[in-house]
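In: let me see the structure of the following:
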Amino acid sequence: MNEYDSDKLTDVLVSNLNMKQTTKISDADILLLNTCSIREKAQEKVFHQLGRWKKLKKKRPEIMIAVGGCVASQEGKNIRTRAPEVDIIFGPQTIHRLPKMIRDVYSNSKTSVDISFPAIEKFDYLPSSKSQSPSAYVSIMEGCSKYCTFCVVPYTRGDEVSRSFDSILYEVKNLATNGTKEIILLGQNVNSYSSKNFNGENVKLSDLIRYISLIPGIDRIRYTTSHPIDFQDDLIEEYHNPILANNVHLPIQSGSDFILSKMKRKHTVLEYKNIIKKIREIRPDINVSSDFIVGYPGESDEDFNHTLNLVKNLEFSDAYSFIYSPRPGTPASIEHDDIGQDIKIDRLKKLQDLIKLQARRFSKNMIGTIQKVLVEGLSVKRSNEIFGRADNNKIINFIGDRNLIGKFVNVRVDELRINTLHGTYLERDGISK
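Out: Residues are numbered from 1 along each chain as shown. Predicted coordinates for the structure are as follows:
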């Protein structure tokens with residue numbers, strides 16, 4: 001979502017103020033920091049970066065500094081107190097108002113702050129994407145109404161709101177015209193998407209996937225991130241659709257029903273397992289990934305062992321895992337933290353070691369298979385290699401010409417080097433699409 005918002009920020013400034021993006025700070029008229037507050041470490045990085053920019057502004061007082069995103073939404077004017085060099089503070093729902101805020105600062109030299117939640121208004125003002133990338137993000141809903149005790153998202157992005165069905169299809173059609181082959185549907189809880197189609201009928205994520213799969217040029221669809229309580233049978237059935245990618249990211253956070261209850265996740269471990277079971281009945285080899293929080297207040301050794309057993313039982317092929325980080329204003333932030341840091345670090349290591357083992361096993365099982373790969377770009381480490389993603393979202397590197405970028409090709413997976421898959425482009429089989 002942050003990458004998507006950053007791209008849209010660029011589009012807004014190019015379209016409205018005729019600006020252009022530069023990677024050289026010395027050339028910049030405005031420095032933009034798009035922020036995340038999901039964890040404390042990410043938040044502190046914001047102020048470290050502002051400290052570095054403060055020195056630059058002393059040398060060049062005319063340079064403008066803008067802070068947007070979830071830290072801006074969470075901290076508001078406090079950012080200005082802690083970092084007086086900041087000129088503009090805007091939230092994730094007001095990126096479309098940035099051009100006006102810039103003009104206001106130029107005209108009256110006062111700090112401009114707008115961290116309001118104008119629902120889905122911003123999508124009515126964002127310019128059409130001119131992206132020509134093989135894969136593109138499309139935001140379909142924003143915010144969260146689940147209010148898990150540990151999560152700051154409802155307070156920084158607001159409650160759940162869905163974009164109109166027509167506007168999403170219009171954006172996807174434009175991307176397809178520009179050569180995009182893969183669409184990644186985005187939302188804090190993307191499977192809670194709810195809108196109406198052109199006939200006034202209610203549509204959900206499963207309907208949206210089905211309609212997008214009919215747009216010429218779109219040959220693969222992904223979505224992220226989901227919530228178990230919104231993962232209904234209609235979405236599971238959509239895995240019969242060959243255009244829907246062979247991976248699912250479904251955060252559970254803990255394998256303990258007690259901890260899930262404390263987190264107010266509103267689902268049980270058994271309900272989560274049943275979702276995965278149903279999906280695997282349709283896609284036995286699907287890449288299943290998740291999110292885990294270790295060391296939530298009150299997590300006992302038994303609770304943590306339940307998490308390890310869940311991971312062993314479900315064989316996740318990847319996961320994001322973190323030590324619990326208290327976020328300001330959340331219910332969990334006032335709970336008594338009775339777990340030592342050494343214990344948290346040890347638990348995280350055990351969990352990550354297990355997940356790495358499973359991820360490696362999943363990748364090894366791909367050796368010898370032929371994968372349909374969407375080529376995304378040049379390899380960072382080897383000049384004669386390109387890379388792309390298989391249908392299961394695993395990256396594969398292989399030797400090939402750069403003119404294959406943006407195309408689907410068939411690749412035989414040959415080996416796993418440390419954590420990277422390498423293969424051979426099957427030129428004789430031609431280009432898939």
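
In: use CA for all of it now, contacts and neighbours both
Out: Will do.

In: residues of the helix or strand hosting I293 that come out buried?
Out: I293 belongs to strand 287-294 when assigned by DSSP states H and E. If you call a residue buried by 16 or more other Cα atoms under 10 Å, then strand 287-294 has these buried ones: 287-290, 292-294.

In: which residues does that strand contact?
Out: For strand 287-294, the external contacting residues (Cα atoms under 8 Å, 6 or more residues apart in numbering) are 246-254, 304, 316-324, 344, 347-348, 392-393.

In: could you pull out the strands for the stretch 301-433 of the chain?
Out: 318-323, 370-378, 385-389, 395-399, 408-417, 420-425 (DSSP state E, counting those that start in this stretch).

In: do the same with the stretch 51-200 of the chain
Out: Taking DSSP E, counting those that start in this stretch as the criterion, the stretch 51-200 of the chain carries its strands at 64-69, 88-90, 112-114, 135-139, 141-142, 161-162, 182-186, 194-196.

In: a markdown table for these, including mean neighbour count?
Out: Rendered in a markdown table, the data for those read as follows (neighbours: other Cα atoms under 10 Å):
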| stretch | mean neighbour count |
| --- | --- |
| strand 64-69 | 23 |
| strand 88-90 | 26 |
| strand 112-114 | 21 |
| strand 135-139 | 21 |
| strand 141-142 | 25 |
| strand 161-162 | 18 |
| strand 182-186 | 22 |
| strand 194-196 | 18 |
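
In: of all these, which lies closest to M263?
Out: Closest to M263 of these, according to Cα to Cα: strand 141-142, at 21.1 Å.

In: tell me what the closest one is packed against?
Out: Under the contact criterion of 3 or more Cα pairs under 8 Å, 6 or more residues apart in numbering; DSSP states H and E, the helices and strands touching strand 141-142 comprise strand 161-162.

In: avg pLDDT for the strand it packs on?
Out: For strand 161-162, the mean pLDDT works out to 92.

In: identify the residues contacting S162.
Out: Shown in contact with S162 (Cα under 8 Å, 6+ apart): 120, 140-142, 193-195.

In: oh, that last question was meant for G423, not what I typed.
Out: With contacts defined as Cα under 8 Å, 6+ apart, G423 is in contact with 396-399, 411-415.

In: can you tell me which of those are buried?
Out: With burial judged by 16+ other Cα under 10 Å, the buried subset of these is 396-399, 411-415.

In: related to what we said a few turns ago, closest one of the contacts of S162 to L374?
Out: Checking these against L374 by Cα to Cα gives I140 as the nearest, at 22.8 Å.

In: identify the residue nearest that closest one in space, chain neighbours excluded?
Out: When the adjacent residues along the chain are set aside, I140 lies closest to R163, with 5.4 Å between them (Cα to Cα, 6 or more residues apart in numbering).

In: tell me how far that neighbour lies from D414.
Out: R163 sits 42 Å away from D414, going by Cα to Cα, to the nearest Å.

In: returning to what we had before: out of the buried ones among the contacts of G423, what pair is the most spread apart?
Out: I399 and E415 (13.5 Å).

In: who touches stretch 141-156?
Out: Counting contacts by Cα under 8 Å, 6+ apart, the residues outside stretch 141-156 that touch it are 37-38, 70-71, 73-74, 91-92, 120, 157-163, 186-190, 193, 262-265, 326-333.

In: what's around L357, how many residues?
Out: Applying other Cα atoms under 10 Å, we find 14 residues neighbouring L357.

In: likewise for D338?
Out: Here the count is done by other Cα under 10 Å, and D338 has 12 residues near it.

In: from G298, how far off is it?
Out: As for D338, its distance to G298 is 7 Å (criterion: Cα to Cα).

In: go on, R39?
Out: 19 Å.

In: same for the helix or strand where Q49 lies, what does it pack against?
Out: Here Q49, judged by DSSP H and E, is contained in helix 40-59. Based on contacts counted as 3+ Cα pairs under 8 Å, 6+ apart, the elements that helix 40-59 packs against are strand 30-35.

In: can you give me the buried ones in the strand it packs on?
Out: In terms of neighbour count (16+ other Cα under 10 Å), strand 30-35 has its buried residues at 30, 32-35.

In: quick one, it and helix 40-59 angle?
Out: 170 degrees (axes from the mean of the first three to the mean of the last three Cα atoms, to 10 degrees).

In: tell me the strands beside strand 30-35, with direction?
Out: With DSSP bridges as the test, strand 30-35 is paired with strand 64-69 (parallel).

In: let me see the mean pLDDT of the partner strand.
Out: Model confidence over strand 64-69 averages 92 on the pLDDT scale.

In: then stretch 414-426?
Out: The average pLDDT within stretch 414-426 is 95.

In: stretch 244-261 too?
Out: If you average the per-residue pLDDT over stretch 244-261, you get 98.

In: now do it: distance to the chain's middle.
Out: Taking the mean of its C-alpha atoms, stretch 244-261 sits 16 Å from the chain's own mean (Cα atoms, centre = their mean, to the nearest Å).

In: list the buried residues of it.
Out: If you call a residue buried by 16+ other Cα under 10 Å, then stretch 244-261 has these buried ones: 244-260.

In: hang on, the earlier thing: in a markdown table: the buried residues of strand 30-35, plus pLDDT.
Out: As requested, the buried residues of strand 30-35 are arranged in a markdown table below (pLDDT from 0 to 100):
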| residue | pLDDT |
| --- | --- |
| I30 | 94 |
| L32 | 94 |
| L33 | 93 |
| N34 | 92 |
| T35 | 88 |
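
In: in CSV, list these along with distance to N178.
Out: Below are the buried residues of strand 30-35 laid out as CSV (distance: Cα to Cα, whole Å):
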residue, distance to N178
I30, 29
L32, 27
L33, 28
N34, 26
T35, 29
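
In: which one of those is nearest to G377?
Out: Set against G377, the nearest of the buried residues of strand 30-35 by Cα to Cα is N34 (24.8 Å).

In: that closest one contacts G68, correct?
Out: Yes: using Cα atoms under 8 Å, N34 makes contact with G68 at a distance of 4.8 Å.

In: beta-bridge partners for G69, please?
Out: Once the bridges are assigned, which here means DSSP bridges, G69 pairs with T35.

In: quick check: closest non-adjacent residue to E376.
Out: Counting by Cα to Cα, 6+ apart, E376 lies nearest to G388, which is 4.9 Å off, once chain neighbours are set aside.

In: pLDDT weak spots in the stretch 251-400 of the chain?
Out: Screening the stretch 251-400 of the chain residue by residue with the criterion pLDDT under 70, one finds no matching range.

In: nothing else from me, thank you.
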